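Asker: A structural model of the following input is requested.
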Amino acid sequence: MGSFNGTGTFVRTYDWTTDEGNGVNIEASRMDTEDDGFATGLSNCITKDGQTTITANIPMNSKKFTGLTNGSARTDSIALGQVQDNAYEYLGENGGPANAYTWTPSPAITAYAAGQSWIIKIGAGDGNTTASTADISGVGSRAIEKSDGAGATTALESGDMVAGSFYKLIDNGTALVLQNPEKPYITATNISDATETAVGVVEIATQTEANTATDTERVITPATAGLLQRPTFSAYLSSNQAISATTETRVNFDTESWDNNSWYDNATNYRFTPLRAGYYLIIASIGYTGISDVSRVEVRIRKNGTVICFPCITGRSGNTQDLHHQVPMLVSMNGSTDYIDVAGYSINGGNMIGGADDTFFQAIYLGGL
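Answerer: Below is the predicted model:
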């Protein structure tokens, strides 16, 4: 029986010219056999009206389908224009409310799968205010998370997605990971090099949290923006403080002129405990009053309670006088437990003078270790 030979060539059963030369008559049975072969061959062809059911893969021999209409079902072929237009990755604007978003693409997905990705748009008034979820095609609620900078993910925080903006989600098998959050997670490693000072647009762990490797973060406000600035403070002694003869006495610098990190204690220990490791320029000044006769006074800078600098000056003989002494020093700090305070010392006693211009304590961060 005639049919295609497997390589696309149709092979007939009989040759009527050959039959005539051999004296073979045309018979009904031979005609039926030949026609059945044609029928079998035609049945293996693809019909243009779609009647044929394909039964095997079709090798295209490096050819292409042209003039395709856009696919509309998951099992349809897709036209190149749909790929260029990102027709099925872009889900459009969310349907559900803020923090519990929904999208209904067409055609609908039937399940989540690791590696799926979508472009989304957040609708007016729908910026997230807390940890958030998405439900695509009603398949089920799935957490939207962001990278924690260490190979894992963490829940979204308020303001990670804002109204009117576009974002990309990638399914990691358990959550939809937001690729471009407004507030990327910044780790403890990053913070030591941070130089941004913008208020309200950057989120970062507090230095204490960074040093203890916790993940909690906060939005920078005017009060906390100092974390991202060069750490510095200045404090002074507000009123005279008595000092006994030959007695090292801590100076109670009780009034702050500024302290952009709240790392100086002006109420209890009167010490500077910076939570950012590096080199700091320390400046201490003490004014002494009521110093009698020949007297030596000192400004003692102490690190962790131990004097590391104590230059002195000596007053004149036979006079009750005021003396002023100022000391600068470069000190390395470990960013956690190291602290600096200042003590006065006078041979004959007297008072340390209160006032921002007389007795003050300052520090500024210069750079990392």
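
Asker: Is Ser234 bridged to anything, and to what?
Answerer: When assigned by DSSP bridges, Ser234 has beta-bridge partners Trp258, Gln362.

Asker: Next, count neighbours for it.
Answerer: Residue crowding around Ser234 was assessed by other C-beta atoms under 10 Å; the count is 18. Bear in mind the C-beta positions are built from the backbone N, C-alpha and C, glycine included.

Asker: oh, and call the first residue 53 from now on, that's how I've got it
Answerer: All right, first residue 53 from here; so that's Ser286.

Asker: my read: it touches Thr307, true?
Answerer: No: contact between Ser286 and Thr307 fails when scored by C-beta atoms under 8 Å: they sit 9.7 Å apart.

Asker: Contact partners for the closest residue in space to Met385 that isn't next to it in sequence?
Answerer: Closest residue to Met385 apart from its sequence neighbours, by C-beta to C-beta, 6 or more residues apart in numbering: Pro326 at 5.2 Å. Contacts for Pro326 were tallied using C-beta atoms under 8 Å, 6 or more residues apart in numbering; they are Pro283, Asn313, Trp315, Tyr332, Met385, Gly387, Asp390, Ala415, Tyr417.

Asker: partners of the helix or strand Leu333 falls within in the sheet?
Answerer: Assigned by DSSP states H and E, Leu333 belongs to strand 330-344. For strand 330-344, sheet partners with direction are given as strand 372-385 (antiparallel), strand 402-404 (antiparallel), strand 412-419 (antiparallel), following DSSP bridges.

Asker: quick one, which of the ones you listed is nearest to Glu145?
Answerer: With C-beta to C-beta, the closest approach to Glu145 among the strands paired with strand 330-344 belongs to strand 412-419: 45.6 Å.

Asker: buried stuff in that closest one?
Answerer: Within strand 412-419, the residues that count as buried by 16 or more other C-beta atoms under 10 Å are Phe412, Phe413, Gln414, Ala415, Tyr417.

Asker: Contact partners for the last one?
Answerer: Think Tyr417. Tyr417 makes contact with Arg282, Pro283, Thr284, Pro326, Arg328, Gly330, Tyr331, Tyr332, according to C-beta under 8 Å, 6+ apart.

Asker: The first one - nearest residue in space that isn't next to it in sequence?
Answerer: Using C-beta to C-beta, 6+ apart and skipping the chain neighbours, the partner closest in space to Arg282 is Tyr417 (5.1 Å).

Asker: re the thing from before, mean confidence for the helix or strand just after the strand holding Leu333?
Answerer: Reading on from strand 330-344 to the C-terminus, the next helix or strand found by DSSP H and E is strand 348-355. Here strand 348-355 scores 91 as its mean pLDDT.

Asker: same for strand 348-355, what does it pack against?
Answerer: strand 330-344, strand 358-361, strand 364-366, strand 372-385, strand 392-398 (3 or more C-beta pairs under 8 Å, 6 or more residues apart in numbering; DSSP states H and E).

Asker: With mean pLDDT, distance to Ser114 and mean neighbour count added, can I get these in a markdown table?
Answerer: Putting the helices and strands packed on strand 348-355 into a markdown table (pLDDT from 0 to 100; distance: least, C-beta to C-beta, whole Å; neighbours: other C-beta atoms under 10 Å) gives the following:
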| stretch | mean pLDDT | distance to Ser114 | mean neighbour count |
| --- | --- | --- | --- |
| strand 330-344 | 89 | 64 | 20 |
| strand 358-361 | 92 | 80 | 12 |
| strand 364-366 | 66 | 92 | 14 |
| strand 372-385 | 86 | 69 | 16 |
| strand 392-398 | 94 | 76 | 23 |
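
Asker: Need those strands in CSV (columns: distance to Glu79).
Answerer: Output for these, formatted as CSV (distance: least, C-beta to C-beta, whole Å):
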stretch, distance to Glu79
strand 330-344, 106
strand 358-361, 121
strand 364-366, 135
strand 372-385, 110
strand 392-398, 117
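
Asker: of all the ones you listed, which lies closest to Trp170?
Answerer: When these are compared (using C-beta to C-beta), the closest one is strand 330-344, at 43.5 Å.

Asker: between that closest one and strand 392-398, how big is the angle?
Answerer: Regarding strand 330-344 and strand 392-398, their directions subtend 20 degrees when assessed with axes from the mean of the first three to the mean of the last three C-alpha atoms, to 10 degrees.

Asker: Now do strand 330-344: distance to the chain's middle.
Answerer: 43 Å (C-alpha atoms, centre = their mean, to the nearest Å).

Asker: one step back: ok, so of the contacts of Tyr417, who is nearest Pro159?
Answerer: Arg328 (53.6 Å).

Asker: Distance of Asn146 relative to Ser199?
Answerer: Between Asn146 and Ser199 the distance is 22 Å, computed by C-beta to C-beta, to the nearest Å.

Asker: and what of Thr85?
Answerer: To Ser199, Thr85 is 71 Å away according to C-beta to C-beta.

Asker: can you check Pro159 too?
Answerer: Taken as C-beta to C-beta, the spacing of Pro159 relative to Ser199 amounts to 30 Å.
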